[in-house]
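>>> Got a predicted structure plus its sequence, pasted below:
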Amino acid sequence: MTLHAAIFYLLATVILTATSLAITRRQPVHAVLYLIVAFLGAAALFFLLGAPLLAAFVLIVYAGAIMVLFLFVIMLFKRSPGELGLLSEWGPATLLGVVFLAVAVAMILKDPGSQIVLRGAVAQPRDFGRFLFERYWLAIEIVSLLLLVALVAVIQVSRRRGAGGDETETSPPLPKVGERGFLSKEGHP
Amino acid sequence: MIVPFGHIFLLAGLIFSMGLVCLVAHRNLIMTLVGVEVMMNGAAIAFVAAALRWQLMEGQVFMLFILAVAAAEVSVGLALVVSAYQRTGSIDPDHYDILKW
């Protein structure tokens, strides 16, 4: 077992432990914190698999941005929503996952190509960027459009709630305001 | 690098099935989104491992797209969860029964 293999199995243990701890927590804050550990392990795994730029992206976007977004949203809730338990059908759900895993393991073990030992290769960030923008520039533009659509959707969802709440709250007292205006108009002369 | 290709795929499958269980079994909507994140992480590991096995860079390109889709999905999903919480005061999907009569 070489050093790279030892690092891989160590990283796999860390990722699996952190993920299994994350999916069994009742408190979402604890789950998100364990998930950050899992994403750090995944970033190190990407570095080991020869994708240093993707490792940096996972650190920045996943562990940095998305998890912080999760934490802020959890803090938006008034009381901690941690008392919510599992669904009553969590047994069949787990069985579904186990069946899926068994089928996947059987397929992987049956495939003779899975015994191929990987050789190390590194995609330098410079080469990766050139490849990306020479061949997949249209897909990059479409992804940027997707992000723009997501931004517009988030703004619309959060704005419609505030505007709708204001309308429903101010529309019942509207006659009172009109009455008061009418009364004051009558009282002035 | 002396790791067989199947071992990395086994790791990706384990992570994906963990995310699947978390997605289906939890009652908390935030934990549901966490499950989706875990599943995308497993898929990304599989893509990068395939890129190394066939020595093609397309797998890493697809991992980049997975990253962008995950970011968009999480932002929209969390906005919807917050919106639903402020309308109903709960993030339990069992409490969303306005349309039930």
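Right, received. Where do you want to start?
>>> Spell out the secondary structure type for whatever residue of chain B ends up closest to chain A.
Of all residues in chain B, the one sitting closest to chain A is B:Gly6 (2.9 Å; Cβ to the nearest Cβ). All C-beta atoms are positioned from the backbone trio N, CA, C, and that covers glycine. Taking DSSP: H, G, I helix; E, B strand; the rest coil as the rule, one finds B:Gly6 in the helix state.
>>> May I have the residues that are in contact with the residue nearest the centre of chain A?
The centroid of chain A falls nearest to A:Ile66 when counting by Cα atoms, centre = their mean (5.5 Å). By Cβ atoms under 8 Å, 6 or more residues apart in numbering or on different chains, the contact set of A:Ile66 is B:Glu37, B:Ala70, B:Ala71, B:Val74.
>>> Nearest to A:Leu146 among those?
Closest approach between those and A:Leu146, by Cβ to Cβ: B:Ala71, at 9.4 Å.
>>> check contacts around the closest one.
Applying Cβ under 8 Å, 6+ apart, the residues contacting B:Ala71 are A:Val61, A:Ala65, A:Ile66, A:Leu147, A:Ala150.
>>> List phi and psi for the second one.
Looking back up the chat, that one is A:Ala65. phi -80, psi -50 (degrees, to the nearest 10).
>>> The fourth one now?
In this entry, A:Leu147 is assigned phi and psi values of phi -70, psi -40 (degrees, to the nearest 10).
>>> distance of it from A:Val37?
Going from A:Leu147 to A:Val37 by Cβ to Cβ, to the nearest Å gives 27 Å.
>>> Not counting sequence-adjacent ones, nearest residue to the residue minimising distance to the centre of chain B?
Among the residues of chain B, the one closest to the centroid is B:Val36, at 2.4 Å (Cα atoms, centre = their mean). Nearest residue to B:Val36 in three dimensions, chain neighbours excluded: B:Leu23, at 6.1 Å (Cβ to Cβ, 6 or more residues apart in numbering or on different chains).
>>> For the one you found, grab the count of nearby residues.
Residue crowding around B:Leu23 was assessed by other Cβ atoms under 10 Å in any protein chain shown; the count is 20.
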